[in-house]
Each structure stands twice: as C-alpha cells, then as structure tokens.
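Chemist: Generate a structure from the sequence data that follows.
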Amino acid sequence: MKIVFDTSAWIEYFEGSSKGKTVDKYLKESEVITPSIALLELSYKADKKGWDIRKHLNFIKLKSTIAGINESFVLNFGRIYNQSKKEIRDFSLADAVILTTSKIHKAKILTEDSHFSSFDNSIII
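Modeler: Residues are numbered from 1 along each chain as shown. Predicted coordinates:
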C-alpha cells in the first residue's frame, strides 16, 4: 500500500508517542511518500524544538520517496485546492499539497490533521 505521510505523522514518529507507534507500523509495511512541503513544515518544527533536522531528513530520505512539484502536480493542484476549500473553509495550501500528492500517487494519507477526516483516502492517527 502507498501512503503519504504528512508532517504530523512524522512528528508523532520522531516524538515516539503512542501515535508514533502506529506510524512506525505503516512505515514498516507500506511504500511511504513524503511531500516536500512536509519537509519544510518539519524543518520549522525542528528549529522550534531544537531537533537535529539533518538527522530526521536523512532518515526520511532513507525510508520514503520525496515527492516534489512537477507539471502533472500543477495541472491538478488548482482544481483539488478549490474543491477542498469549498468543503473545508480553513483547508490550507499545505493541506492541498498533501492531498494532491496522494491523488497523483494513488495513495492514502496518514495524518493527525482533522481537515482530512472527510476524505476517504485518509487514515487519521
């Protein structure tokens, strides 16, 4: 199974929380994809918490595929973002990047973010 890890999934994993144990299960059993926006958000979190971002980044690169933005992404993003904003008023640009990544890769989303609870391809931890 393909799974897009959003930032919250990686944070739970690196914090070693009980939800992080669930994340670990998916990490071991799935093909993991990490959107580049999640890395940016994780960098921000690491700086606030005093984490070694390089160590976490190296781990993520080893355990997942990093998904960036390409032409296919751009061609799908606007429609997905606008549709989601109609349904979820405070759906963010970062949320839309994660959702678009999951749709392009035909993958589920592993997240703690309740914004994704109405999408059938989401696994809420």
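
Chemist: you'd agree N121 is up against A107?
Modeler: Yes: N121 lies in contact with A107 (Cβ atoms under 8 Å); the separation is 7.4 Å. Just so you know, the C-beta spots here come from the backbone N, C-alpha and C atoms, and that holds for glycine as well.

Chemist: which one of these two has more residues nearby?
Modeler: Neighbours were counted for N121 and for A107 using other Cβ atoms under 10 Å; A107 has more, 20 against 14.

Chemist: tell me the contacts of the more buried one?
Modeler: M1, K2, I3, V4, E31, I33, T101, N121 (Cβ atoms under 8 Å, 6 or more residues apart in numbering).

Chemist: out of those residues, who's nearest D52?
Modeler: Set against D52, the nearest of the contacts of A107 by Cβ to Cβ is I33 (23.1 Å).

Chemist: where's the closest one, which helix or strand?
Modeler: I33 belongs to strand 31-35 when assigned by DSSP states H and E.

Chemist: All set now, cheers.
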